[in-house]
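In: Pasted the sequence and its predicted model underneath.
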Amino acid sequence: MIHDYRPGDVLRLECDFTETTVTAVSRYHVSVRCPWLAADPQAEGICWNGDRAMPLPAAREWEVFRTEPAETELRPGDTCRVGMPPTVVHVQSVEYYDPPLVTGLLPRPACYVEVLRQGEVYEPGLEDQGYAFDPAGGEPIGIELLFRPYAFLEPGDEVADRDGRAWRFDGAWDWHAFDGEVSGAPVWPLALLFRGGEPAADEAEGVDGAAEVARATATGSHAEERERWTGLALAQPAADQP
């Protein structure tokens, strides 16, 4: 199954809390028995012990899964619950794998979605800033798409704006003007020129992308689309960072 996520999507994630047992506690992590995943017996050189490490404050790691009671209250042998409270995130990147990755766990992931928490924007100098998960994995994560900026466009679409400038859309905040100017943004309404390398008028029968783009941009603006995203992500697009 192909999961349709793309950078810029704002998602709400949630996973029901499930009872488990604490197996170990260290300075930086509390390990609990993972109630959902299974070891991959055919993964050569990778032997998973069945535990999931939950960070303590000293680890300074972001983890979307949590325990009840809190990790700081747990000791080896305790019974607790592990799950994910409703958490709003925004997608930083999506990676697909064919064949699926061998990680030592089942199912083997064919896709990883990397997300950032509300209020955070991607910083290239930071390691392990985001959180990556398999949307079709064994963890029963509920995923709700709250907002997709420019949902009516596909990466690679070419459009003309109200001022007659031609643009290529490569992502929510990744626009390239064909006149070479690096500043500015497309002025709505927009007219779809090319999709998938073909003129918009030659799209498949029953799929009128040009009409959809025209309808979607008849009112509103790039700034309003950006403001809606910012209001949900509680962050500025990475393209706006100095």
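Out: Thanks, I have it. Numbering: from 1, shown residues only.
In: elements contacting the helix or strand hosting residue 143?
Out: Element membership of residue 143, judged by DSSP states H and E, is strand 142-147. On a contact count with 3 or more Cβ pairs under 8 Å, 6 or more residues apart in numbering; DSSP states H and E, strand 142-147 meets strand 10-25, helix 222-233. C-betas here are computed from N, CA, C, even on glycine.
In: which residues touch the helix or strand following it?
Out: Going down the chain from strand 142-147, the next helix or strand is strand 157-160, by DSSP H and E. Around strand 157-160, the neighbours that count as contacts under Cβ atoms under 8 Å, 6 or more residues apart in numbering are 153, 166-169, 178, 186, 190-195, 209, 213.
In: Run me through the strand neighbours of strand 157-160, direction for each.
Out: strand 166-171 (antiparallel), strand 191-195 (antiparallel) (DSSP bridges).
In: Now the helix or strand following the first one: buried residues?
Out: Elements were assigned by DSSP H and E; along the chain past strand 166-171, the next helix or strand is strand 174-177. Judged by neighbour count using 16 or more other Cβ atoms under 10 Å, the buried positions of strand 174-177 are 175, 177.
In: which helices and strands does strand 174-177 pack with?
Out: In terms of contacts (3+ Cβ pairs under 8 Å, 6+ apart), strand 174-177 is packed against strand 166-171.
In: how far is the strand it packs on from where the chain is centred?
Out: When C-alpha coordinates are averaged (Cα atoms, centre = their mean, to the nearest Å), strand 166-171 and its chain have centres 21 Å apart.
In: excluding its backbone neighbours, what's nearest the residue in the chain sticking out farthest from the centre?
Out: Going by Cα atoms, centre = their mean, the residue of the chain most distant from its centre is residue 77, 34.6 Å out. Nearest non-adjacent residue to residue 77, counting by Cβ to Cβ, 6 or more residues apart in numbering: residue 22, 6.4 Å away.
In: per-residue pLDDT, the one you found?
Out: Residue 22 carries a pLDDT score of 98 in this model.
In: Please enumerate the helices of the chain.
Out: 209-216, 222-233 (DSSP state H).
In: Just send these back as CSV, with mean neighbour count too.
Out: Supplementary listing: the helices of the chain in CSV, determined by neighbours: other Cβ atoms under 10 Å:
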stretch, mean neighbour count
helix 209-216, 16
helix 222-233, 16
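In: Next, the contact list for residue 107, please.
Out: Residue 107 makes contacts with 100, 134, 136, 137, 138, as judged by Cβ under 8 Å, 6+ apart.
In: so how far is residue 228 from the third one?
Out: Just to be clear, that refers to residue 136. For residue 136, the distance to residue 228 (Cβ to Cβ, to the nearest Å) stands at 28 Å.
In: Next: the first one.
Out: Counting by Cβ to Cβ, the gap between residue 100 and residue 228 amounts to 35 Å.
In: Mind exporting the C-alpha coordinates of stretch 30-40 to CSV?
Out: What follows is stretch 30-40, C-alpha atoms only, in CSV (Å, rounded to 0.1, in the frame of the first residue of the first chain):
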residue,chain,number,x,y,z
VAL,A,30,13.6,3.4,30.6
SER,A,31,13.2,0.2,28.6
VAL,A,32,9.8,-1.4,28.3
ARG,A,33,8.6,-4.6,26.5
CYS,A,34,7.2,-3.5,23.2
PRO,A,35,3.6,-4.8,23.0
TRP,A,36,3.2,-4.5,19.2
LEU,A,37,6.3,-5.4,17.2
ALA,A,38,7.9,-8.8,16.5
ALA,A,39,11.6,-9.7,15.8
ASP,A,40,12.5,-10.6,12.2
